[in-house]
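Student: please work out how this folds:
(chains A and B)
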Amino acid sequence: MDALNYPFDSGFILKKRKSIKRELLSDGTKRITKRIAVLGGSTTSDIVSILELFLLNEGISPEFYECEYAQYWQDVMFENPKLLEFSPDIVYIHTSSRNITEKLSVEMSAQDIENKLENQYKHFEVMWDKIKSLFGAVIIQNNFELPYYRLLGNKDASDPHGLTNFICRLNLRLYDYANANDNFFINDINYLSTSWGLDKWCEPKWWYMFKYCLCLDAVPELCLNISNIIKSLLGKNKKAFALDLDNTLWGGVVGDDGVDGISIGQETAEAEAFYEFQEYIKAHRDIGVLLTIASKNDEENALAGLNHPDGALRPEDFISIKANWEPKDLNIQNTADEIGLLPESFVFVDDNPAERAIVSAQLGVRAPDIKEVDSYIKTLDRSGFFEVTSLSNDDLKRNEMYEANAKRNRQRAMFESYEDYLLSLEMKAVIRDFETVDLKRITQLTNKSNQFNLTTKRFTPSQMDEVFNSKEYIRLCGRLTDKFGDNGIVSVVIGKINSDSLDIILWLMSCRVLKRDMEYAMLDSLVKKARSRGIKTLKGYYYPTAKNKMVKKLYEDFGFTKVYEDDEENTVWSLDISGYDDKNKVISVKE
Amino acid sequence: MDKQEIIKRLNEVFRDVFDDDSIVISERTTADDIEDWDSIEHINLISAVEREFKIRFTMGEVSGMKDVGEMIDIISQRA
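Tutor: Model (predicted):
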């Protein structure tokens, strides 16, 4: 909902929260339910009602437990039966520097202060450990905002007797716990309050009157921040940028101003702003975000702009560049299809409000109002589209895989003939007998391949061992590599020798290498191997299932002759291999 | 700003905050007259009124206001 998209009007959200909730609940979205316990060290009622809006907006329907005023610690440590009964999925601990109980004085020794720090930290640590053992719930814990006054002035920051110093060190202890414990996340109110303006955030009036540790106006921003952590944990992050070019990634219009006329680099203030934005976008590759272009431009001009020597981004940073005169929603839809993502996984960045309106209306894509170039970064950053809750190698690998897929699909469009395209992939296959290390993957393939699978014969590991150790079989597994990456073992064929003919009891291939002529390469190798064993005839079997229609005509296409068909369309095929010529012309095969 | 203008704008704020388009306030309206007007909504109301009229109530005013009439008086002195 627009009212909740950053940058938002906090006052509007606070005032209209009831009608916003009604609207969200009636929009027909299917939502997942999560039980969230909000345990506060200060008043939390507004936080609960505003957090609910942001979660509903992300497709999450929260059920809340709210502790009595400032009972966050007691509720956990003394096992409040209501909390136990609620059994939260997520526990949000809304504490602040107002909840720091250890008092410092300048007379204390360094060791006294260390002890105070340890006590204060332990107060929290025992509670987290208890939550973990009671519920195994995800914990979201506020860190501590800076104090709103400094008894020691500037020395408050550096001297251990200063509360500022104490809070900074306490925060570091929290981070150590966060780094050592899965399912524990910091809600960084230290950053939020600084960015909001500490004086305004901590306006003491709110504490004295209502026991609020932050001013009411800042509550929506706090709640957006919490909701970003939660939606990220639930796999609801965005995955890709769809970026405009002119006046978004550089100043000016490359088609009109020429590549020398656009504003990017270090020469002017505006050029610097666009350069920093390009750097910001480029850095998203490192956290697994996919970059794509959706620009109304001639492709030649778009590439010239992206190749501008003073720019930070390069054309190869993008897994898809759509620069043409088609509607942008169509281009983004096509890009999404190419990569294998849903359009709603994209964030559309465009300076033109009309384009944003069309794309968000047509595709349900988030298209933030980025305003002027000097606020692009802040708007995207604070929106939290790509909130990082884990940094795993898997995420980064997945990025590479998407890129490889998109590159292949894009290249296909650039070639005159399909064969030219296949040749351009520089495919290399290794096709050979099974080896011990392959058995696990091969067995797995026999059990999960449904579409390109002629007999759908499943193998247990021990059955596979039997085939592996027997001389009665000819076994082939094929691994395919192309210039974009290694696809691993993708095809398996098993034939049983029956005097001078071979019964092909298994022929399967992974769908990720469909239409790459890998099946021809496999057949070539099979014929070669069969000949060396004195075989004259190959016999193929096709047993139809609900899922393997795509290979109904495979043997016919291979040049086999149908010798048998029963009522259920089970077919048997035969091929005399004496005059067989190799069929594969695009994959270089090593045997 | 005259009283009529203040009442008109204040009435809109009340309707938004309590999500009830049937609310019609007068100078004698108190928390007892509006069902949802509890201590929590009071905070939201005060803050919405402050934003609407770009004023700040003092702590004494927030806890001391007896009815809408007193609120209007404070607003008319500041806004």
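Student: start and end of stretch A:222-241, how far apart?
Tutor: 25 Å (Cα to Cα, to the nearest Å).
Student: tell me the mean pLDDT over it?
Tutor: Mean pLDDT, stretch A:222-241: 94.
Student: list the contacts for residue A:19?
Tutor: Applying Cβ atoms under 8 Å, 6 or more residues apart in numbering or on different chains to residue A:19 gives the contacts B:16, B:19. Yep, even glycine has a C-beta here, placed from its N, CA and C like the rest.
Student: try 6 Å this time
Tutor: Residues counted as contacts of residue A:19 (Cβ atoms under 6 Å, 6 or more residues apart in numbering or on different chains) are residue B:19.
Student: where does it fall, helix, sheet strand or coil?
Tutor: Secondary structure for residue A:19, judged by DSSP: H, G, I helix; E, B strand; the rest coil, is helix.
Student: where does residue A:37 fall, phi/psi-wise?
Tutor: Here is the backbone geometry of residue A:37 (degrees, to the nearest 10): phi -100, psi 120.
Student: so how far is residue A:16 from the residue of chain B found nearest chain A?
Tutor: Ranked by Cβ to the nearest Cβ, the top residue of chain B for proximity to chain A is residue B:19, at 3.4 Å. Distance, residue B:19 to residue A:16, by Cβ to Cβ, to the nearest Å: 8 Å.
Student: residue A:414 too?
Tutor: Residue A:414 is 51 Å from residue A:16, by Cβ to Cβ.
Student: these two: which is more packed in?
Tutor: residue A:16 (19 against 9; other Cβ atoms under 10 Å in any protein chain shown).
Student: can you give me the pLDDT of that one?
Tutor: Reported pLDDT for residue A:16: 94.
Student: get me the contact residues on the stretch 251-400 of chain A for chain B.
Tutor: On the criterion Cβ under 6 Å from any Cβ of the partner chain, chain B has no neighbours in the stretch 251-400 of chain A.
Student: counting by contacts, list what the lowest-mean-pLDDT helix or strand in chain B packs against.
Tutor: Every helix and strand of chain B was ranked by mean pLDDT, DSSP states H and E. The lowest is helix B:59-64, at a mean of 88. On a contact count with 3 or more Cβ pairs under 6 Å, 6 or more residues apart in numbering or on different chains; DSSP states H and E, helix B:59-64 meets helix A:204-210.
Student: counting neighbours, which bits of the helix it packs on end up buried?
Tutor: A:206, A:207, A:210 (16 or more other Cβ atoms under 10 Å in any protein chain shown).
Student: does chain B sit close to it?
Tutor: Yes: remark: helix A:204-210 sits within contact range of chain B at A:205, A:209, A:210, by Cβ under 6 Å from any Cβ.
Student: alpha carbons of the least confident helix or strand of chain B, as PDB, please.
Tutor: What follows is helix B:59-64 as a C-alpha-only set of coordinates in PDB (Å, rounded to 0.1, in the frame of the first residue of the first chain):
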ATOM      1  CA  MET B  59       3.100  18.400  29.600                       C
ATOM      2  CA  GLY B  60       0.800  20.300  32.000                       C
ATOM      3  CA  GLU B  61      -1.700  21.000  29.200                       C
ATOM      4  CA  VAL B  62      -1.800  17.400  28.000                       C
ATOM      5  CA  SER B  63      -2.700  16.100  31.400                       C
ATOM      6  CA  GLY B  64      -4.900  19.100  32.400                       C
END
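Student: could I get the buried residue list for that helix?
Tutor: Within helix B:59-64, the residues that count as buried by 16+ other Cβ under 10 Å are residue B:62.
Student: tell me the helix or strand right after that helix.
Tutor: helix B:68-78 (DSSP states H and E).
Student: contacts for that next one, please.
Tutor: B:6, B:25, B:27, B:29, B:53, B:55, B:61, B:65.
Student: ok, now stretch A:240-253?
Tutor: With Cβ under 6 Å, 6+ apart as the test, stretch A:240-253 has contacts from A:261-264, A:270, A:274, A:278, A:290-295, A:302, A:305, A:332, A:345-351.
Student: what about it, start to end distance?
Tutor: Termini of stretch A:240-253 sit 24 Å apart (Cα to Cα).
Student: do stretch B:25-40 as well
Tutor: 19 Å.
Student: stretch A:583-591 now?
Tutor: 16 Å.
Student: what's the average pLDDT for it?
Tutor: 93.
Student: next, the buried residues of it.
Tutor: Buried residues in stretch A:583-591 (16+ other Cβ under 10 Å): A:583, A:584, A:586, A:587, A:589.
Student: narrow those to those in strands?
Tutor: Here DSSP state E is the test, and the buried residues of stretch A:583-591 give residue A:589 as lying in strands.
Student: as JSON lines, the buried residues of helix A:204-210 with pLDDT would be great.
Tutor: As requested, the buried residues of helix A:204-210 are exported to JSON lines (pLDDT from 0 to 100):
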{"residue": "A:206", "pLDDT": "90"}
{"residue": "A:207", "pLDDT": "93"}
{"residue": "A:210", "pLDDT": "90"}
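Student: residue A:238: which of those is nearest?
Tutor: residue A:206 (33.6 Å; Cβ to Cβ).
Student: didn't that closest one look like it was pressed against residue A:212?
Tutor: Yes: if you go by Cβ atoms under 6 Å, residue A:206 and residue A:212 touch, sitting 3.9 Å apart.
Student: quick check: residues of chain A near chain B?
Tutor: A:11, A:15, A:16, A:18, A:19, A:45, A:205, A:209, A:210, A:216.
Student: could you work out the most separated pair of the residues you listed?
Tutor: Farthest apart among the residues of chain A next to chain B - using Cβ to Cβ - are A:19 and A:205, which lie 27.8 Å from each other.
Student: can you classify residue A:468 as helix, strand or coil?
Tutor: From three-state DSSP, the assignment for residue A:468 is helix.
Student: residue 46: neighbour count?
Tutor: All of this refers to chain A. When neighbours are counted by other Cβ under 10 Å, residue A:46 comes out with 22.
Student: look at chain B instead
Tutor: Residues near residue B:46, counting by other Cβ under 10 Å: 19.
Student: once you drop chain neighbours, what's closest to it?
Tutor: residue B:62 (5.7 Å; Cβ to Cβ, 6 or more residues apart in numbering or on different chains).
Student: tell me the spacing between that neighbour and residue A:22.
Tutor: Taking Cβ to Cβ, one finds residue B:62 at 29 Å from residue A:22.
Student: quick one, what contacts residue A:119?
Tutor: Going by Cβ under 6 Å, 6+ apart, residue A:119 touches residue A:102.
Student: same deal with residue A:103?
Tutor: With contact set as Cβ under 6 Å, 6+ apart, residue A:103 has no partners.
Student: how close does it sit to chain B?
Tutor: For residue A:103, the distance to chain B equals 25 Å [Cβ to the nearest Cβ, to the nearest Å].
Student: pretty sure that residue sits in a strand.
Tutor: No: assessed with three-state DSSP, residue A:103 is coil; it does not lie in a strand.
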